[in-house]
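Asks: sequence and computational prediction follow.
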Amino acid sequence: MARYQTEIADVSVDFEGTLDRAAALLRRGELVAFPTETVYGLGADARNGDAVSAVYAAKGRPSDNPMIVHVASGEEAAAIAEWTPEADALMKAFWPGALTLVLPSRGVVAAEATGGLDTVGVRMPDHPIALALIARSSCAVAAPSANRSGQPSPTTAQHVYDDLNGRIPLILDGGATSVGVESTVLSLAGERPTILRPGSITPEQIERVIGGVELSPGALAPLESGEKVLSPGMKYRHYAPTAEVMLIDGRDDEVVQAICAYYDQLAGDKKVIIFTSRENARFYADRKYAIMGGKGDMEEYCRQLYAQLRRADDEGIEIILIEAVPSVSAGLAFMNRALRAAEFRLIAARTLLAK
Ligand code: TXA
Ligand code: MG
């Protein structure tokens, strides 16, 4: 793999010059990391199979895992995917924004970008740097999250640098991302609209536009072996830090009690941290904790999650105990990631207390 002197470019210093440089790199088949409103992406020209392959190599990601193709308008999306009235209604409601639509591919993006599937995921990101990069390069930009495969997605330019230093020429720095978890992936290619990956655009919001929508069984549970994998990204260990993660579920006071007891039992020989709501933090007294957000503020929880997982790894934390939240609305997106980080270890507080 080519080695690069990886540059982090502060886009606010010379927006025009930096974006021109980034666009030229993409057109030449090089990779550029860029911010979106969700997480940072690692972009390549979606029509250039070699450039797309270089993304898999830089991430260390299996090449059957399809990428999201980023566009700057609905017309560009309809040139890439077979458009439908449903897609049109959703686009009008949510683009630019954190909704990826999976539709039959027209075959104009490289087969490498769709992982050999006959469908393609497209989205128009809600971020001025991402949109400027797409428009100036005149490329549809295939971009997965800009992390090493298996690491939590990056929400800052520094996270991208930590994972990909030396592997890519340029990171566009637009500050911390505002959503913090990846887009909602909605398939319109099957019999019924199905959410393959929950995100900040909620099932309720989608239902208001197109009526009924299903949730892929893989969203909150491990897929049974043999079960059809609708979204290949769901089958790999994902979003996981090095530390061991556990989710504790149950009545609020029992969760706090169980976490305190478990923490005290573990903390003798392990470095432990608790991910808690702002309201519950005081119950943990001088134990080590990180606040995910106000109780019920799931947007804040989503914004915090990956950054806190990475910080825990940086600090050499060995065990992370997370207060589970209800899997509804944006809480669904949070639990989808937290469960994967925990490799689906969800423990009932009462079980812990009974020990
Ligand atoms: O917010 C986001 O979606 C970020 C930013 C950079 O846009 N991108 C991102 O990409 O999260 P990635 O590659 O990490 O995740 C893409 C997800 C994977 O779970 C993949 O399997 C699914 O979308 N996906 C992409 N194309 C698909 C297709 N044709 N059929 C089914 N699933 C698809
Ligand atoms: Mg990813």
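Replies: Good, I have the coordinates. Ligands and ions are numbered 1, 2, ... in the order given.
Asks: and the closest residue to residue 109 other than its chain neighbours, its phi and psi?
Replies: Nearest non-adjacent residue to residue 109, counting by C-beta to C-beta, 6 or more residues apart in numbering: residue 46, 4.2 Å away. Any C-beta I mention is one placed from the backbone N, CA and C, and that applies to glycine too. For residue 46, the backbone dihedrals (degrees, to the nearest 10) come out as phi -70, psi -20.
Asks: what residues are up against residue 46?
Replies: Residue 46 makes contact with 52, 67, 69, 80, 109-110, 113, 139-142, according to C-beta atoms under 8 Å, 6 or more residues apart in numbering.
Asks: same deal with residue 280?
Replies: Going by C-beta under 8 Å, 6+ apart, residue 280 touches 252, 255-256, 295, 323.
Asks: quick check: the gap between the residue nearest to residue 109 and ligand 1.
Replies: Counting by C-beta to the nearest ligand atom, to the nearest Å, the separation of residue 46 from ligand 1 is 11 Å.
Asks: give me the neighbour count for residue 199.
Replies: Neighbourhood size, residue 199 [other C-beta atoms under 10 Å]: 24.
Asks: three-state assignment of it?
Replies: coil (DSSP: H, G, I helix; E, B strand; the rest coil).
Asks: excluding its backbone neighbours, what's nearest it?
Replies: Once flanking residues are discounted, residue 199 sits nearest to residue 184: 3.4 Å by C-beta to C-beta, 6+ apart.
Asks: flag every residue of this structure that's near ligand 1.
Replies: Neighbours of ligand 1 within the chain, by C-beta under 6 Å from any ligand atom: 36, 38-39, 41, 65-68, 100, 102, 114, 117, 119-121, 125, 143-145, 182-183, 185, 196-197, 231-234.
Asks: weed out the non-buried ones from these.
Replies: Among the residues of the chain next to ligand 1, the ones that count as buried by 16 or more other C-beta atoms under 10 Å are 36, 38-39, 41, 65-68, 100, 102, 114, 117, 119-121, 125, 143-145, 182-183, 185, 196-197, 231, 233-234.
Asks: just the residues contacting the helix or strand residue 134 falls within, thanks.
Replies: Residue 134 is part of helix 128-137 when elements are defined by DSSP states H and E. With contact meaning C-beta under 8 Å, 6+ apart, helix 128-137 is reached by 11, 15, 19-20, 22-24, 26-27, 32, 34-36, 41, 43, 45, 70-72, 96, 124-125, 140-141, 172, 174.
Asks: list the buried residues of that helix.
Replies: 129-134, 136-137.
Asks: so where do the strands sit in the stretch 251-355 of the chain?
Replies: Assigned strands in the stretch 251-355 of the chain, in chain order: 272-277, 289-293, 319-323, 346-348 (criterion: DSSP state E, counting those that start in this stretch).
Asks: return the list of strands paired to the last one, each annotated with direction.
Replies: Each strand pairing with strand 346-348, determined using DSSP bridges, is listed with its direction: strand 244-249 (parallel).
Asks: distance between the strand it pairs with and the chain's centre?
Replies: 20 Å (C-alpha atoms, centre = their mean, to the nearest Å).
Asks: now the residue nearest the centre of the chain, what's its secondary structure?
Replies: Using C-alpha atoms, centre = their mean, the residue of the chain that lies closest to the mean C-alpha position is residue 182, 2.9 Å off. Following three-state DSSP, we place residue 182 in the coil state.
Asks: let me know the pLDDT of it.
Replies: Residue 182 carries a pLDDT value of 97.
Asks: residues near the nearest residue to residue 118 once chain neighbours are set aside, how many?
Replies: Spatial nearest neighbour of residue 118, excluding adjacent residues (C-beta to C-beta, 6+ apart): residue 105 at 5.8 Å. For residue 105, the neighbour count with other C-beta under 10 Å is 22.
Asks: can you pull the contacts of residue 105?
Replies: Taking C-beta under 8 Å, 6+ apart as the contact definition, residue 105 lies against 80-82, 114, 117-120.
Asks: how about a cut-off of 10 Å?
Replies: 66, 69, 80-82, 111, 113-114, 117-122, 189 (C-beta atoms under 10 Å, 6 or more residues apart in numbering).
Asks: in helices only, show me those residues.
Replies: Among the contacts of residue 105, the ones falling in helices (DSSP state H) are residue 80.
Asks: quick one: which of the contacts of residue 105 is nearest to residue 268?
Replies: residue 66 (45.4 Å; C-beta to C-beta).
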